[in-house]
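1. this one's sequence-less:
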């Protein structure tokens, strides 16, 4: 499948979630079985030799990709969520948004020291959410073998915040 | 893998999300690669011959299972979300909770009439959320070939609300 074919399945929605934002709606790709399968297999194939033990997915679209990738890579799945959603004891990290701050949490026993972790999300924008997620993973002693996205909005330069990572994105918008 | 082994990987958390609730924390199972893989394969195998075209997963733990099952069954994935989270035009449904009401939404173009749909969530409690989801699927003309859960809290009798469905749950608490 060509990347142009995948791009044609992603829908632009104007002014979501707020005025002035051109939102990349991936649900029109996800509902296409062959396209979704291609995306997961393409990402998984890049990490097949990395002996991934855990896939970390970020709430909530990252759960769709994270669940599929964990299964395909025969790894466990670990959710990173907003504060207050995880039932057990957590560690938390705050991070900057364009306007204001947000925070993420992970269970403090989710990752054992030295476990090989692949972190995934649907879309790389400014990179703040993923950078915060990687801080959580490393605070628990996880070893980040890769960082994967289906989409990268390259014009937002999120890659600069993650430049020391083994980062792959499948569909890039320049 | 025995069901008792899977049960041993699920953690009970007292008083989450509110006092008096004994919460089944599945994250301790999800992070175990072989256990997660077993769960997905066991559910997928039941629907392998049903020619599933779409897997519908309910926000947000249902996304983890739905993504993995869609990939394994070579189907598309459709998210059912809380109001305001989906960027395109949606149809919505309200449903009763123990205290108060809640609502769910799906994109109005998410399912084509006659498409064969498997609906999944992590846990069957009182069944209200899944019953509402099935109403959304059928309103779009989807044909529900199955309803799957990893966990069923049988003592809450959610199965009674879904008694006309082809319902399977892997781990049952009586």
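-> Nice, I can see it. What you see is a predicted model, and the numbers here were worked out from it, not measured in a lab.

2. Would you map the strands across chain A?
-> Counting by DSSP state E, the segments of chain A that form strands are A:11-14, A:22-25, A:54-58, A:76-82, A:90-96, A:101-107, A:116-124, A:143-153, A:167-173.

3. quick one, which of the ones you listed is packed in tightest?
-> Per-stretch averages of neighbours, counted by mean count of other Cβ atoms under 10 Å in any protein chain shown, single out strand A:54-58 among these, with a mean of 28. C-beta coordinates here come from the backbone N, C-alpha and C atoms, glycine included.

4. which strands and helices sit next to that strand?
-> Packing partners of strand A:54-58 (3 or more Cβ pairs under 8 Å, 6 or more residues apart in numbering or on different chains; DSSP states H and E): helix A:61-72, strand A:76-82, strand A:116-124, helix A:128-139.

5. ok so, going back, in TSV: the strands of chain A, plus mean pLDDT.
-> Output for the strands of chain A, formatted as TSV (pLDDT from 0 to 100):
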stretch	mean pLDDT
strand A:11-14	97
strand A:22-25	96
strand A:54-58	99
strand A:76-82	98
strand A:90-96	96
strand A:101-107	96
strand A:116-124	98
strand A:143-153	98
strand A:167-173	98
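
6. Distance to residue B:29 for the ones you listed - can I get that in CSV?
-> Compiled in CSV, the strands of chain A are given as follows (distance: least, Cβ to Cβ, whole Å):
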stretch, distance to residue B:29
strand A:11-14, 35
strand A:22-25, 32
strand A:54-58, 13
strand A:76-82, 9
strand A:90-96, 18
strand A:101-107, 12
strand A:116-124, 18
strand A:143-153, 23
strand A:167-173, 28
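
7. Of all those strands, which one is nearest residue B:47?
-> Closest of those to residue B:47 is strand A:76-82, at 20.5 Å (criterion: Cβ to Cβ).

8. Tell me if the closest one is near chain B.
-> Yes - for strand A:76-82, a contact with chain B is found by Cβ under 8 Å from any Cβ of the partner chain, at A:76-79, A:81.

9. What of stretch A:98-112?
-> Yes - residues of stretch A:98-112 contacting chain B under Cβ under 8 Å from any Cβ: A:107, A:109-111.

10. hmm, back to that, and of the strands of chain A, who's closest to residue B:159?
-> Per Cβ to Cβ, nearest to residue B:159 of the strands of chain A: strand A:76-82, 26.8 Å.

11. Give the other helices and strands that that closest one contacts.
-> By 3+ Cβ pairs under 8 Å, 6+ apart, strand A:76-82 packs against strand A:54-58, helix A:61-72, strand A:101-107, helix B:27-30, helix B:33-47, helix B:61-72.

12. Check the gap between residue A:113 and residue B:102 for me.
-> Look at residue A:113 and residue B:102: by Cβ to Cβ, to the nearest Å, they are 40 Å apart.

13. no, scratch that, I was asking about residue A:144
-> Taking Cβ to Cβ, one finds residue A:144 at 37 Å from residue B:102.

14. Can you tell me which residue is spatially central in chain A?
-> Central residue check for chain A by Cα atoms, centre = their mean: the C-alpha nearest the mean position is that of residue A:121, 1.4 Å away.

15. Residue A:98 - how many residues pack around it?
-> 8 (other Cβ atoms under 10 Å in any protein chain shown).

16. For it, give me its contacts.
-> For residue A:98, the contact set (Cβ atoms under 8 Å, 6 or more residues apart in numbering or on different chains) comprises residue A:126.

17. Ramachandran angles for it?
-> Taking degrees, to the nearest 10, you get phi -60, psi -40 for the backbone angles of residue A:98.

18. Return the per-residue confidence for it.
-> Note for residue A:98: predicted pLDDT of 73.

19. Kindly tell me how buried residue A:26 is, as a neighbour count.
-> Around residue A:26 there are 25 residues (other Cβ under 10 Å).

20. That one and residue A:123 touch, don't they?
-> Yes - here residue A:26 lies in contact with residue A:123, judged by Cβ atoms under 8 Å, at a distance of 7.5 Å.

21. what touches both of the two?
-> With Cβ under 8 Å, 6+ apart, residue A:26 and residue A:123 have common neighbours A:61, A:150-151.

22. Same list, those residues, but only the ones touching chain B.
-> residue A:61.

23. quick check, nearest of the shared contacts of residue A:26 and residue A:123 to chain B?
-> For the shared contacts of residue A:26 and residue A:123, the residue nearest chain B by Cβ to the nearest Cβ is residue A:61; the value is 7.5 Å.

24. Name all residues that make contact with residue A:159.
-> Contacts of residue A:159 (Cβ under 8 Å, 6+ apart): A:124, A:127, A:152, A:167.

25. still on that earlier bit, out of the residues of stretch A:98-112 next to chain B, who has the most neighbours?
-> Most surrounded of the residues of stretch A:98-112 next to chain B: other Cβ under 10 Å gives residue A:110, at 28 neighbours.
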